[in-house]
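# The sequence and its predicted three-dimensional model are supplied below.
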Amino acid sequence: MQEIGGAPSVEPVRVRKLVTYREAIVTEAGLAPDRPARRASVAAVVGNPWSGTAPLTDLAEEQERIGPVLAGLLCDRLVNALGPVHGIEAFGKAAVVGTAGEIEHAGALIHTPYFGNLVREALHGESIICFADTRAEAGESLVVPLWHKTHAATRSHYQTISARVPDAPRADEIVVIAAASTGPRPHPRIGDRRTDPVVTAETLEGTPS
Amino acid sequence: MNVRKTVTVVEEVRVEGERAVSPPATVAVVAAVIRNPWAGQGFVEDLGPGIDANASDLGALLAPAVLEELGAPAEAYGKAAIVGLDGEIEHGSALIHTLAFGDHFRKAADATTLLPAVEKRGAAGIVFDIPLKHVTDATIRSHHQTVEVRIADAPHPEEIVIALAAAAQGRPQQRLAAFSTERDPSA
């Protein structure tokens, strides 16, 4: 069995598979962006620790055991894929639970401090980490949202990356994903909160629709 | 060669058949999404000029990149050309089924065998399997394997995805008898 991390008294976390996906934009609409960004996602496939447990089982112990191990593995690979951590500007996270699990099981592995705080810390972020989660058969593609790691409302950094593991999750597995980008969308030009005009239903009265 | 983006995938299998795989079985893929050199030209009889202008450059771009991502000597390898809906399969084949393309990978990987390939046409987001075989002996059964790839927004109708794949080992938990030891079933 694969043994990663954990104190001697703690059962090791078995990761069946890790998939790192990275893309580098060279051109968009035929032009090289001013700031070509690289985006990456890293997916880890783990057994659902609550597979076969009773409804309303308490999730705390396992999320504390598994979350930190996955945060470490995924962030190591993200930083390896995207260069130094100070060059990472946006981040996101996701989980896909297999069909024998609850959506709450997916949430338990990404929506707690045992995962989220450690990802934020490893990637030198401050923002809440945006996310996607779902329950699906193996091979489902999930669109993972990313936003700026220290200024979440920075519109230029709203972007997504697709993540997919062909043979996971099995019914009794969970795929946990961390994702990041080194910059904004290519050719960002939809302004920002600071440059937006005031727009309300009232200001738009009389505007042809 | 007009590249829109490059894509890298690295798979590490750590458990297979409920047993640990140590070191993890690693497979890497590097793909370039390029504009189809023959897009919008109707039926082009002579693909030679387009091959000369692109095939070697693609090999030179992808071969060192996939070996770097693998981080280990390649024991098995393969290639792919996925043509967008407006192109011909022949366009993808033209770019990968040439020595000008493949020799970059063979040389970098100390390989001698033909590169197994997938060539097909599809919409953006199509899933494609790249077959891999051993780099010096295509009969080595332990190294027959496949890696699956999907790029959500490629190929566009006028694009081609060109990819190379490399594996650091054979299949995880490989345990089939060697080709040379198998009894003749007709005997």
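Thanks, I have the structure now.

# so how many other residues sit close to A:Thr99?
13 (other CB atoms under 10 Å in any protein chain shown). Where you see a C-beta, it was placed from the backbone N, CA and C, and this is true even at glycine.

# Against A:Ala136, how distant is it?
Using CB to CB, to the nearest Å, we find A:Thr99 at a distance of 7 Å from A:Ala136.

# again, but for B:Val30
Counting by CB to CB, the separation of B:Val30 from A:Ala136 is 27 Å.

# Looking at those two, which is more packed in?
Neighbour tally, B:Val30 and A:Ala136, criterion other CB under 10 Å: the higher count belongs to B:Val30, 25 against 16.

# was I right about that one contacting B:Ala74?
No: checked against CB atoms under 8 Å, the pair B:Val30 and B:Ala74 is beyond contact range at 12.0 Å.

# residue ranges with poor pLDDT in the chain?
Picked chain A for this. Within chain A, the stretches with pLDDT under 70 are A:1-10, A:207-209.

# nope, chain B please
B:187.

# How is B:Asp103 assigned, secondary-structure-wise?
For B:Asp103, the assignment made with DSSP: H, G, I helix; E, B strand; the rest coil gives helix.

# where's it relative to B:Ser56, distance?
For B:Asp103 relative to B:Ser56 (CB to CB), the value is 8 Å.

# ok, now B:Arg171?
For B:Arg171 relative to B:Ser56 (CB to CB), the value is 32 Å.

# In terms of neighbours, single out the busier of the two.
B:Arg171 (20 against 17).

# Skip the chain neighbours and tell me the closest residue to that one.
Distance criterion CB to CB, 6 or more residues apart in numbering or on different chains; nearest residue to B:Arg171, sequence neighbours excluded, is B:Gln145 at 4.9 Å.

# thought the one you found was touching B:Tyr77?
No: with contact defined as CB under 8 Å, B:Gln145 does not reach B:Tyr77; the gap is 10.5 Å.

# Name the residues contacting each of the two.
Common neighbours of B:Gln145 and B:Tyr77 (criterion: CB atoms under 8 Å, 6 or more residues apart in numbering or on different chains): B:Leu132, B:Ala167.

# Which of the two has more residues huddled nearby?
Applying other CB under 10 Å to B:Gln145 and B:Tyr77 shows that B:Tyr77 carries more neighbours, namely 30 against 21.

# Let me see the contact set for the nearest residue to A:Thr99 once chain neighbours are set aside.
Distances taken as CB to CB, 6+ apart place A:Ala171 nearest to A:Thr99, at 4.8 Å, with adjacent residues excluded. Residues near A:Ala171 by CB under 8 Å, 6+ apart: A:Gly98, A:Thr99, A:Ala100, A:Gly101.
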